[in-house]
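1. requesting a structural model of the entry that follows:
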Amino acid sequence: MKGHLQASRVLEIVPLTLVFAFAAATASAHEAWLLTPAEIEALVAEPMPALFASHLWLGVAAVIGAALTMIALIAEDRLRPHEQRIAAPLLAGATAVGPMLLRFGMAIMLVLAGTGGLPRHGTALWVEPTLLVPDMQLGLVFGWDWLAAAQIILALALAVGLLARPAGALLIGLSFLGMMLFGAPFLAYAPHFAAPGLILMLSGGGAMSLDRRLGLDDVLLPSPAALKVGWRLSQILVGAGFLYLAIAFKLTQPTLLIAILDHGNLPTFGMPQPVVALIMTGIEIICGALLIVGRLTRPVALAIIAAITTLAVGLGETPLFHANLYGIMVFLLMAGPALPDARVSFAGYRRAAT
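-> As a prediction, the model looks like this:
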């Protein structure tokens, strides 16, 4: 019976991984932050590397990824009691520290976007305000310059933790507004900004917030049922964002990723760059799919933190490009698969873990 349960859980993820691995569509990539428009145009026109054009090798890669995922899922089932015991101190502070770090990360990105302090490659600092990310320049959409000031105001509210839940709702609104203003290209970013907004709506401002100091933390407090559904939805949003990025950009436009690897002189450990690019793509697909089905939440969060940190160091880019992802991943690392209700004592979880 136990074997059948494990097999059914494996089947949750394997078809999803395989489907997304072969169903990509072309789009413009967030690699635009690190490459100039001329470089992107030239790279997209280049022929697909043979490895990415081969159904045989992509199929082999998918089988290997599915096998590794199966092993990891079985290991999660067997090691869950140990994970709960080790992660108990993290979970204890999830509803306090998690929201605080997420607020700070989002505040940094918003204020830099509003002031032009996080420009894409080739753009001068403090010149072009953007909407949330470096390549969505407000100068390209007539009449929406006021969004620069709006982002700065929202950043200040998040930094001090004032009305954090309404501020989270505004973050979700900015994500949808970005898709309205910039169209399909903004879809690459929307889930990773809507998810932090949803999480803040669920958790409130956390530690070091004016909401707690002023007794406003209970305003718009979600019910336990809404908390459970909302936390799963936030994981799905984050996972779907990674799947979209991996498939629409890395899998179908690998020349962009290979160019970034080449520019950054990142170590390849003797492997050809297309092989490294395919491994990176596979990891992102698997991590995204696991988040969607709510499995291996903490290991995936650790893997993504390690991946974006390695890339930032190797490419010499600022980690502030991904401050939103750092905030989300640290929160996922602390809370795990289920966000605890701040109204419930942590003692019950500690007893369950032991």
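2. surely W33 touches P134?
-> Yes: the pair W33 and P134 qualifies as a contact (CB atoms under 8 Å) at a distance of 4.6 Å. Using the backbone N, CA and C atoms, a C-beta is placed for each residue, glycine as well.
3. what is in contact with these two at once?
-> 120, 321 (CB atoms under 8 Å, 6 or more residues apart in numbering).
4. those two: which has the busier surroundings?
-> P134 (21 against 17; other CB atoms under 10 Å).
5. so that one: helix, strand or coil?
-> Per DSSP: H, G, I helix; E, B strand; the rest coil, the local secondary structure of P134 is coil.
6. list the contacts of stretch 296-305.
-> 72-73, 76, 83, 87, 235, 242, 283, 287, 290-291, 325-326, 329-330, 332-333, 336-337.
7. make a PyMOL selection of the buried ones in the residues you listed.
-> Remark: buried members of these, expressed as a PyMOL selection using 16 or more other CB atoms under 10 Å:
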select buried, resi 72+73+76+83+87+235+242+283+287+290+291+325+326+329+330+332+333+336
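8. among the contacts of stretch 296-305, name the ones in helices.
-> Among the contacts of stretch 296-305, the members falling in helices (DSSP state H) are 72-73, 76, 83, 87, 235, 242, 283, 287, 290-291, 325-326, 329-330, 332-333.
9. contacting residues for the closest residue to L131 other than its chain neighbours?
-> Closest residue to L131 in three dimensions, ignoring its sequence neighbours and counting by CB to CB, 6 or more residues apart in numbering: G178, at 5.3 Å. With contacts defined as CB under 8 Å, 6+ apart, G178 is in contact with 131-132, 136, 186, 189-190, 193.
10. okay, now A335: neighbour count?
-> Neighbours of A335 (other CB under 10 Å): 24.
11. the closest residue in space to it that isn't next to it in sequence and R85: what is the separation?
-> In this structure, A335 finds its nearest non-sequential neighbour in A94, 4.1 Å apart by CB to CB, 6+ apart. Relative to R85, A94 is positioned 16 Å away (CB to CB, to the nearest Å).
12. same drill for the two, tell me which one is more crowded.
-> A94 (24 against 12).
13. contacts only, for that one.
-> 331, 334-336, 339-340.
14. go again using 10 Å as the cut-off
-> 87, 203, 206, 330-336, 338-340, 342, 346 (CB atoms under 10 Å, 6 or more residues apart in numbering).
15. give the next helix or strand downstream of the helix-or-strand element of the chain with minimal mean pLDDT.
-> Ranked by mean pLDDT, DSSP states H and E, the helix or strand of the chain with the weakest confidence is helix 2-21, at a mean of 38. Counting by DSSP states H and E, the next helix or strand C-terminal to helix 2-21 is helix 37-45.
16. give me the mean pLDDT for that following helix.
-> Across helix 37-45, pLDDT averages out at 81.
17. helix, strand or coil for L339?
-> Applying three-state DSSP: L339 is coil.
18. so what pLDDT did the nearest residue to it once chain neighbours are set aside get?
-> Among residues not flanking L339 along the chain, W231 sits closest, at 4.2 Å (CB to CB, 6+ apart). With respect to pLDDT, W231 scores 96.
19. helix or strand: which one has W231?
-> helix 224-245.
20. now do whichever helix or strand comes after that helix: distance to the chain's middle.
-> Under the assignment DSSP H and E, the closest C-terminal helix or strand after helix 224-245 is helix 254-264. Helix 254-264 sits 21 Å away from the centroid of its parent chain (CA atoms, centre = their mean, to the nearest Å).
21. relative orientation of helix 254-264 and helix 37-45 in degrees?
-> 130 degrees (axes from the mean of the first three to the mean of the last three CA atoms, to 10 degrees).
22. could you say what helices and strands helix 254-264 packs with?
-> Packing partners of helix 254-264 (3 or more CB pairs under 10 Å, 6 or more residues apart in numbering; DSSP states H and E): helix 37-45, helix 50-53, helix 273-293, helix 297-315.
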